[in-house]
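Student: generate coordinates for the sequence data below:
(chains A, B, C and D)
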Number of protein chains: 2
Amino acid sequence: MAKPNKTETGEKLTRQREAVLGVIREREDHPTANDIFAAARQRLPGISYATVYNSLRFLKAAGLVHEIKFGDSASRYDRETDRHDHALCSQCGKLVDFDLPQAAELMKAAARRSKFKPESVHLTLKGVCPDCCD
Amino acid sequence: MAKPNKTETGEKLTRQREAVLGVIREREDHPTANDIFAAARQRLPGISYATVYNSLRFLKAAGLVHEIKFGDSASRYDRETDRHDHALCSQCGKLVDFDLPQAAELMKAAARRSKFKPESVHLTLKGVCPDCCD
DNA sequence: CGGCTAATTTAGAGTTAGTCTAAATTCAAT
DNA sequence: ATTGAATTTAGACTAACTCTAAATTAGCCG
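Tutor: The predicted model follows:
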């Protein structure tokens, strides 16, 4: 049996979970669960749809991947797990990561206005990406 | 026949659309399409599910209601159509509107970082609402 | 090692939220 | 009244997940 790999924090990384994580880490873009399923099947032909979802949930809980949800269509997954913001192109749908350095103050300002005890802020810019602009 | 009501910009407001709009305008909270369907049925017993969705789409396009989507679960609808932000309670799920006056600069900052031509920014604070805090 | 228990995976059924279709109805304008 | 466009309806359909129950696999104990 292959040695049981572990995450840095000690969780079990099965072959299936490794395959899913591998797919996400190799991609520059933000694949959907379906994209990941297709790619994971190349590496591990028997892997099932449900397992991809289970693995995504597990990896997310372990902090190894990040899930991005917009109301429309499917969740995207991101190998970048540090806090960051997103820009979504209204023409081609491209999704780009960026970081807003003022995020911490922003969260405080939002907390003040809303009277909530803040946990996180999520900011999305909608607009037209450089490629679609010309 | 009842006189055909119109929106300020001249679109037709059928009985069904009026019922849906009425439901949203009367509520302080942010109902889902399903909630709206149930409430609209009280006013207009024959109204169908599909019509509620059609009406919501129409009213949204006419700028009379605002749709809020989080990845999880169903879209919420909001009678407040001016730009604003949301705070979502991580304990009870309550959704609160608030406005961040620095939104315009924020959009510019996000546009600079991402190189997108900006159209709108959407900000969501996740945290614990005052009711859940005590 | 051999057995035990818990965790994981699988296939496929089920669920949720919303869209689509085609027929019927309503409408506004001739 | 007639006509053509817009709207509504019921119900079938779809996408994206989630759940279930059975099978497999894995870590642990003696």
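Student: could you measure from residue A:89 over to residue A:126?
Tutor: 8 Å (C-beta to C-beta, to the nearest Å). C-beta here means a position set from N, CA and C on the backbone, and glycine is covered the same way.
Student: ugh, typo on my part, it should be residue A:42
Tutor: 33 Å.
Student: between those two, which is the more surrounded one?
Tutor: With neighbours defined as other C-beta atoms under 10 Å in any protein chain shown, residue A:42 and residue A:126 compare such that residue A:126 has more, 18 against 10.
Student: contacting residues around whichever strand or helix holds that one?
Tutor: Assigned by DSSP states H and E, residue A:126 falls within strand A:117-128. For strand A:117-128, the surrounding residues in contact (C-beta atoms under 8 Å, 6 or more residues apart in numbering or on different chains) are A:70, A:83, A:85-91, A:100, A:103, A:106-108, A:110-111, B:90, B:106-107, B:110-111, B:114, B:116-128, B:133.
Student: that one pairs with which strands, parallel or anti?
Tutor: Partners of strand A:117-128 in the sheet, by DSSP bridges, are strand A:85-89 (parallel), strand B:117-128 (antiparallel).
Student: buried sites along it?
Tutor: A:117-118, A:121-128 (16 or more other C-beta atoms under 10 Å in any protein chain shown).
Student: mind listing what's buried in the helix or strand just after it?
Tutor: Once the chain leaves strand A:117-128, the next helix or strand it forms, by DSSP H and E, is helix A:130-133. If you call a residue buried by 16+ other C-beta under 10 Å, then helix A:130-133 has no buried ones at all.
Student: helix A:130-133 close to chain B?
Tutor: Yes: judged by C-beta under 8 Å from any C-beta of the partner chain, helix A:130-133 comes into contact with chain B through A:130, A:133.
Student: contacting residues around that helix?
Tutor: Here helix A:130-133 has contacts from A:89, A:91-92, A:94, B:115-117, using C-beta under 8 Å, 6+ apart.
Student: out of those, which one sits closest to residue A:13?
Tutor: residue A:94 (30.8 Å; C-beta to C-beta).
Student: that closest one against residue A:86, yeah?
Tutor: No: in this structure residue A:94 lies outside contact range of residue A:86 using C-beta atoms under 8 Å: 10.5 Å.
Student: against residue B:127, how distant is the closest residue to residue A:99 other than its chain neighbours?
Tutor: By the measure of C-beta to C-beta, 6 or more residues apart in numbering or on different chains, the closest residue to residue A:99 outside its immediate chain neighbours is residue A:84, 4.8 Å from it. From residue A:84 over to residue B:127 the distance is 19 Å, taken as C-beta to C-beta.
Student: ok, residue A:122 next?
Tutor: Relative to residue B:127, and taking C-beta to C-beta, residue A:122 is found at 11 Å.
Student: list the contacts of the residue nearest to residue A:74 when sequence neighbours are not counted.
Tutor: Distances taken as C-beta to C-beta, 6+ apart place residue A:32 nearest to residue A:74, at 4.1 Å, with adjacent residues excluded. Counting by C-beta under 8 Å, 6+ apart, residue A:32 makes contact with A:73-77.
Student: now the residues you listed: which count as buried?
Tutor: For these, buried by 16+ other C-beta under 10 Å: A:75-77.
Student: so which of these belong to strands?
Tutor: Counting by DSSP state E, the buried ones among the contacts of residue A:32 place A:76-77 in strands.
Student: hmm, back to that, out of residue A:94 and residue A:86, which sits in the more crowded spot?
Tutor: For residue A:94 versus residue A:86, neighbours defined as other C-beta under 10 Å are more numerous around residue A:86 (21 against 17).
Student: nearest residue to that one in space, please, no chain neighbours.
Tutor: residue A:124 (5.0 Å).
Student: residue B:21 versus the one you found, what's the distance?
Tutor: 27 Å.
Student: immediately after whichever helix or strand residue A:97 is part of, which helix or strand?
Tutor: For residue A:97, the host element (DSSP H and E) is strand A:95-98. For strand A:95-98, the following helix or strand on the C-terminal side (DSSP H and E) is helix A:103-114.
Student: and that following helix, how far from the chain's centre?
Tutor: 24 Å (C-alpha atoms, centre = their mean, to the nearest Å).
Student: now check that helix, is it near chain B?
Tutor: Yes: counting by C-beta under 8 Å from any C-beta, chain B has neighbours in helix A:103-114: A:106-107, A:109-111, A:113-114.
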